[in-house]
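# okay, here's the prediction I keep looking at, along with the sequence it came from:
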Amino acid sequence: DQPRVFFCTGATKDMGKMLGGEEEKDPDAQKKEEERQEALRQQEEERKAKHARMEAEREKVRQQIRDKYGLKKKEEKEAEEKAALEQPCEGSLTRPKKAIPAGCGDEEEEEEESILDTVLKYLPGPLQDMFKK
């Protein structure tokens with residue numbers, strides 16, 4: 001029952017390179033590198049095509065669900081909301097902020113004074129005198 005020891009001849013060559021020895025020149029190194037790069041590009045293209053197919057299938061299922069429940073895509077909702085904001089509704093009680101005429105809402109001090117006067121009217125006499133001073 002002696003332990004078995006395995007030696008790897010490739011490891012000794014690499015050790016020589018690490019220690020500063022001369023690298024062996026492979027005459028086909030450039031060709032091998034180009035083939036490797038081409039294989040990587042091909043794998044990447046296949047991966048992208050696979051993901052595109054999967055996403056197309058998912059979108060098909062999503063569209064079936066939207067049709068079944070009467071839902072709309074997020075982009076469609078946003079487009080409709082934007083169109084609704086741009087087109088003023090007649091008889092609507094709400095209006096977009098840009099439709100407020102100039103000068104309205106700028107007179108905050110006058111509004112505060114009128115509110116204060118209104119509150120003072122409803123206070124009892126002694127309290128009115130206190131707040132007027």
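Good, I have the coordinates.
# low pLDDT regions in the chain?
1-25, 88-113, 131-133 (pLDDT under 70).
# what are the ranges of the helices in it?
9-18, 29-69, 74-86, 108-122, 125-132 (DSSP state H).
# may I see those helices arranged in CSV, with mean neighbour count as well?
For every residue, glycine as well, the C-beta is placed using N, CA and C. Below are these laid out as CSV (neighbours: other Cβ atoms under 10 Å):
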stretch, mean neighbour count
helix 9-18, 10
helix 29-69, 10
helix 74-86, 10
helix 108-122, 10
helix 125-132, 9
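# tell me how far E55 lies from R62.
Relative to R62, E55 is positioned 10 Å away (criterion: Cβ to Cβ, to the nearest Å).
# if you could redo that for I115, that was the one I meant.
From I115 across to R62, the span is 53 Å (Cβ to Cβ).
# now L71
9 Å.
# so what's Q43 up against?
Residues near Q43 by Cβ atoms under 8 Å, 6 or more residues apart in numbering: none.
# separation between it and A49?
For Q43, the distance to A49 - Cβ to Cβ - is 11 Å.
# same check, this time on L120
For L120, the distance to A49 - Cβ to Cβ - is 78 Å.
# same thing with D117?
D117 is 75 Å from A49, by Cβ to Cβ.
# swap in K74?
From K74 to A49 the distance is 26 Å (Cβ to Cβ).
# over to T118?
In terms of Cβ to Cβ, T118 sits 73 Å off from A49.
# now A29
31 Å.
# ok, now L116?
Per Cβ to Cβ, L116 is found 72 Å from A49.
# just A84 next, same as before
Counting by Cβ to Cβ - A84 and A49 are separated by 40 Å.
# one more: R41?
From R41 to A49 the distance is 13 Å (Cβ to Cβ).
# now do I65
From I65 to A49 the distance is 25 Å (Cβ to Cβ).
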